[in-house]
Structures are given as structure tokens and as C-alpha cells.
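# Build me a model from this:
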Amino acid sequence: MMFGLQIEKVLVLDGVDASCKQILQSHGMTVDERAKLSRDELQASLPFYDAVVVRSATKVRREVLSPGTTGRLKLISRAGTGVDNIDVDAATTSGILVMNAPGGNTFSAAEHACGLMMAVARNIAAADSSMKAGQWDRKTYTGCELDGKTLGVLGVGRIGRAVAVRMQAFGMKTVGYDPLVPPSTMRENGVEPVELEELWEMSDFITVHTPLLPSTKGMLGKEAIAKCKKGVRIINAARGGIVDETALLTALNSGQCGGAGLDVYEEEPPTNRKLIEHPHVTACPHLGASTPEAQQRCGQEIGEQIVGLAEGTSAAGIINCPAISSSIVPAVGPYLTLSTALGKLSAWVTGKSQEYILSVGDVHMKQHMSCLGIGMTVGVLKQLGSGSTITMVNAKDLSQGRGLTVGVEFSNQQSGNSLIVRVGKQSVVSGLVNGDRAFITGMNGFSFELSVQGHVLLVRGRKPCISPKELLQNFPVGENATVLLSSKEDAWICILQTAHKLPNDSVTALSKLNGVEGTCQVDYSA
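Model (predicted):
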């Protein structure tokens, strides 16, 4: 089983570029477009779609993502950079993937930040307003050169690097801070890595390009601005809230900040009119990605990413389930199928949540062990029943509430194509991969070879009370069933594999036969 998300019906909001719809429809998906929905309309609509695509206007918050109320929704896609209008934690809890298209608006956003920087440096917006008011005031709007100045890049991702490279052409020295980007990557783009305190002290201009996170909210606040050079100019075309607007206004009034170029705000539309109307502020209404080129690229990128996810060929843009990247590797598919199957069977054998160890024998799976561990966790939770939709997205969080842990380790002491589940030192269940097929090969000392498919009924019992042959006489399974028997000493196990689930009342009657110690139905059909 390679991961492929079943996506048949998609809701597209906020005027996402038509290229998105065209791509999705060309791959057989039904697409409904709506300009904008109220919160209540959004909550009522989402359960009827497999995926929703938004830009920044629609807020997909916790109240519309309550577990058990999201219906068939599997994917929330943001046609652009960042996902601060999406409650990622709530989506994860409900087992919903979150995706963005980080590359589509890189050039437009970078160029806009550069434009704001030049406008602030030379007071272009204020001078233009003055001219339109019939004035000719050259002295008031004297600016500064960019050549020779130091630009501090706060967040050196795609957009931050693009801004740095462009401003280097104006003769600026670029320094940067980003704990997630390797120093070598920064240097390859002409950005000297520095610590945050150094960036404040060195920079004549600071441009912000980080996501809005709890760790970055108010990052450029009163204390940070006080550490900057007097007259520092600040550009924020990333996300409102990273720059503390109250602290910025105070610094503008005192002269500690010499000017600001703002495209994003703590509230949008902004309510802090004193900041917007300040003579040393150049303000725009969140125009960073507002070019036809950016919108076309974002629409195309998100459309292609959704198709790739549905076809199991790409996991680009997924931000809340790293294991998905492994699940689309063809060689991992059968191992993922097997790990989930072993998880379901382990839950029956142990009867409760446990601390399991999944032992992996294939050296090529070492880099994908986390994915296999999550696959097994999904299997255990589905067999035990959790009352929630269980996916690779939320399995880890749900397992913590059930006292379930799945550790994964590599062992060269077992067959190279095998997976073994242990509790402590005892082997519970085992299986192997042969080509693209997965097989369960053992359980609690019983040996057999069961293909992972269809519906499986497991019955265990003891002789001489009843034998498997007598059991089958009391429980006819039809011509198309596969029957496997395994015994050791006076214990035996009978496995019935059918295309359809067996009636619960029949299984209940079977479990009451003298000598039957336990029964379990496992669904391996999906």
C-alpha cells in the first residue's frame, strides 16, 4: 500500500487561480468554486468534500474542525506561503493533512519587500502624495542610499534569500538569522549567518521573512528595537504580529526607527491608524502575492500537489505529517501495509495498548522506520477502536492518550524482508514482504502464511474440546474462503480469509463453542 489520498471532490475558495481547478478536473476530480463562505457556511460545507483549497481570506479555525464533525475531509490546502489562517493543531487532531504551496509567490513577495525597502529609503510614497497635493518639497523627503548599508534578513527561507540576492545588487551587505537554515545555504546566497543579537546591532535595514509562530510573535518588539542602530528601517511583508506594532510606533515617534514599510498587520484590515498614517511609514494592504504571475503559480502548484498526493507520487507541501514523505516511496508501500496489518493483529493478541517494539530487518527501510512505526500505530488504534477518525496524521497524538507506544528498531539478526512485533523480549506477531505483497507469518508461536487482504477471522482454541475440523463443520464458510490451520501441543489457531466480513451473530455463536478461547475479525481490505 503506497500512500494515496482518495480525493474525488474539492472545494475551492477565495478566488484561487483557475489553473488549480483545471488541473484537478483534468485528473477526474469534481471541483466546486465559491468566492467566500461565512464560518457557519464553511463548517456546514467541509464534511462533504475530500479537500478544501483556500488563500488567506478564509480562516479554517478549530471551531470548524472539531473531531467527529469533519466528515470526509482529508486535506486542507493553502494556495500560498504560510498557514497561519489554518489551525494546524486542530486539523492534526482530526486526522486532516495540511498543505501549502510555498514556492508560488516567492518572486512577487520578494520583489514587493524590495520595493518597500526602496520606498522607505527614499520616502517615495510620501513624496508622491506631496506632489499630488500641489507641493514641491525636496528637502523634507531627502532619503538615504542603500549602497554600503547592512541588511538584516530575519528568516532566510526562499523569500528571504530572494530578497537578499536582489538587494546585494544594490550594494547592500546582507546578514541573516534563521535557526532552520544551514549556514552553508545562507553563504551560498551571499548571506552571512549571525546570531539574533548581532543582527539587531549590525543592521541598517531589517526585513522580516519568518512564519507567524508562538516563537516569532512579537519577535521584533520593544527590547529588540532598542538594541538596533538608531534610525534602523524595518520592512515587514511576511506576517502581521512578528513586529510589535505598539513598539514600532513608539520607536518611530522617538526616532529610534527611521522608517517602516508594512504590508501585513496584527489585524487585517489594520485598526492602528496612528501607525498607518505615520509620516515615516509606507503601508500597503497585503499585496505581497498580488500579481497574476504569483496567483497563477500558486494555483498551479497547489493543484499539482493535490494530484500528486492523490496518486501517491508526491507529498510536497505537507506540513503536519513528515511520515507521508516516506509512504510514497514505492519500496516502502508493502512494508507500510504489513506494519499496519501487524498492528491490528497485535492489538488482538495483547488485548490492550502496550509498549510495542517493531523490529525491521530490511536495511533499505532504516530511513523509513518512523513511517512504519506510525503505520503500526494506526493498525493498533483501529483494531482497539478510538472513537475518532484514525490516520497517519493523528495516530501519534491519539496513541499518547491510550498509553500506547511503538518503538522501531533495526535488526540484522532477522530475515531482511521481515517485520517482527515484540512486547518486551517476546515475539507477538511477524510478517514478511515478497515483492509488492505483504504476508503475516506467525503469531504467538503459531506459524502460517496469510496474505494481507480481504477480511480475516481468527479463532483460537484447545484440544480435545474441539478440533478445527469440527469447528468448520459447525461454521460453514463457503467455497471462496481460504482456511489456514496451525497447532502446537494442545492449542490451535484457525484462520478464515473471506472477501466479505462475516456476520457478527455467527462469530458470536462460534465464540461460545466449547473449546474456543477467542475470536477476532480483522479488516485487511483497506
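# Strands of the stretch 301-450 of the chain, residue ranges please.
Counting by DSSP state E, counting those that start in this stretch, the segments of the stretch 301-450 of the chain that form strands are 355-360, 405-410, 418-423, 426-434, 437-443, 446-451.
# Next, count neighbours for the closest residue to residue 434 other than its chain neighbours.
Excluding the flanking residues, the one nearest residue 434 by C-beta to C-beta, 6 or more residues apart in numbering is residue 417, at 6.9 Å. Placement of C-beta: from N, CA and C, glycine included. Other residues near residue 417 number 19, with proximity taken as other C-beta atoms under 10 Å.
# Mean confidence (pLDDT) on the longest helix anywhere in the chain, please.
Identified as the longest helix of the chain according to DSSP state H is helix 292-311. If you average the pLDDT over helix 292-311, you get 95.
# how about that helix: buried residues?
Residues of helix 292-311 classed as buried: 294-295, 297-310 (neighbour count, 16 or more other C-beta atoms under 10 Å).
# again, but for stretch 169-179
Of all the residues in stretch 169-179, those buried under the rule 16+ other C-beta under 10 Å are 170, 172-178.
# Would you mind listing where the protein has pLDDT under the threshold?
1-3, 353, 386-388, 464-480, 526 (pLDDT under 70).
# any idea how far the closest residue in space to residue 239 that isn't next to it in sequence lies from residue 378?
Using C-beta to C-beta, 6+ apart and skipping residues adjacent in sequence, the residue nearest residue 239 is residue 212, 3.9 Å away. The spacing between residue 212 and residue 378, counted by C-beta to C-beta, to the nearest Å, is 31 Å.
# more neighbours, these two?
residue 378 (26 against 19).
# hang on, the earlier thing: just checking, the residue nearest to residue 434 touches residue 432?
Yes: counting by C-beta atoms under 8 Å, residue 417 does reach residue 432; the two are 5.0 Å apart.
# So the residue nearest to residue 239 versus residue 186, what's the distance?
Separation of residue 212 from residue 186 (C-beta to C-beta): 22 Å.
# show me where the stretch 351-500 of the chain has helices.
Applying DSSP state H, counting those that start in this stretch to the stretch 351-500 of the chain gives helices spanning 369-384, 395-401, 468-474.
# what does the stretch 1-150 of the chain give?
Under DSSP H, counting those that start in this stretch, the stretch 1-150 of the chain gives helices at 18-26, 39-45, 88-93, 106-122, 124-132.
# Dump those into a markdown table; add distance to residue 400 and mean neighbour count as well.
Formatted as a markdown table, these follow (distance: least, C-beta to C-beta, whole Å; neighbours: other C-beta atoms under 10 Å):
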| stretch | distance to residue 400 | mean neighbour count |
| --- | --- | --- |
| helix 18-26 | 35 | 18 |
| helix 39-45 | 27 | 15 |
| helix 88-93 | 12 | 18 |
| helix 106-122 | 37 | 22 |
| helix 124-132 | 52 | 15 |
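# closest to residue 153 out of these?
helix 106-122 (9.8 Å; C-beta to C-beta).
# Can you name every helix or strand that the closest one contacts?
Helix 106-122 sits against helix 158-168, strand 205-208, strand 232-236, strand 257-262, strand 281-283, helix 292-311, with contacts defined as 3 or more C-beta pairs under 8 Å, 6 or more residues apart in numbering; DSSP states H and E.
# Name the residues that touch it?
Residues from elsewhere that reach helix 106-122, judged by C-beta atoms under 8 Å, 6 or more residues apart in numbering: 81, 124-125, 141, 143-146, 151, 158-159, 162-163, 166-167, 205, 207, 209, 233, 235, 237, 259-263, 280, 282, 284, 287-291, 293-294.
# got it, and stretch 239-248?
Residues contacting stretch 239-248 (C-beta under 8 Å, 6+ apart): 82, 84, 154, 208, 210-212, 216-222, 225, 234, 236, 257, 260, 262, 264-268, 270, 272, 275.
# Where strands are concerned, which of those residues count?
154, 208, 234, 236, 257, 260, 262 (DSSP state E).
# Spit out the contact partners of the second one.
In this case it means residue 208. Here residue 208 is in contact with 154-155, 220, 234-239, 242-243 (C-beta under 8 Å, 6+ apart).
# For residue 45, state which of those residues is nearest.
Residue 45 has its nearest neighbour among these in residue 239, at 26.7 Å by C-beta to C-beta.
# sec struct for that closest one, please.
Three-state assignment for residue 239 (DSSP: H, G, I helix; E, B strand; the rest coil): coil.
# so what's the residue nearest to residue 52 when sequence neighbours are not counted up against?
In space, and not counting its chain neighbours, residue 52 is closest to residue 11: 4.6 Å by C-beta to C-beta, 6+ apart. Counting by C-beta under 8 Å, 6+ apart, residue 11 makes contact with 32, 34, 45-46, 49, 51-53.
# For these, work out which two are farthest apart.
Pairwise over these, using C-beta to C-beta, the maximum falls at 34 and 51, 13.9 Å.
# Let me have the helices and strands packed on helix 106-122 in a markdown table, extended by distance to residue 392.
Formatted as a markdown table, the helices and strands packed on helix 106-122 follow (distance: least, C-beta to C-beta, whole Å):
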| stretch | distance to residue 392 |
| --- | --- |
| helix 158-168 | 27 |
| strand 205-208 | 34 |
| strand 232-236 | 36 |
| strand 257-262 | 40 |
| strand 281-283 | 43 |
| helix 292-311 | 12 |
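# For residue 27, the count of nearby residues, please.
14.
# That one: what's it in contact with?
307, 310-311.
# try 7 Å this time
The contact partners of residue 27, taken as C-beta atoms under 7 Å, 6 or more residues apart in numbering, are residue 307.
# Distance-wise, check it relative to residue 249.
50 Å.
# Identify the residues contacting the residue nearest to residue 210 when sequence neighbours are not counted.
Closest residue in space to residue 210, ignoring its immediate chain neighbours: residue 155 at 3.5 Å, by C-beta to C-beta, 6+ apart. With contacts defined as C-beta under 7 Å, 6+ apart, the neighbours of residue 155 are 178, 208-210, 238.
# Nearest to residue 426 among those residues?
Distances from residue 426 to these, taken by C-beta to C-beta, are shortest for residue 178, at 47.2 Å.
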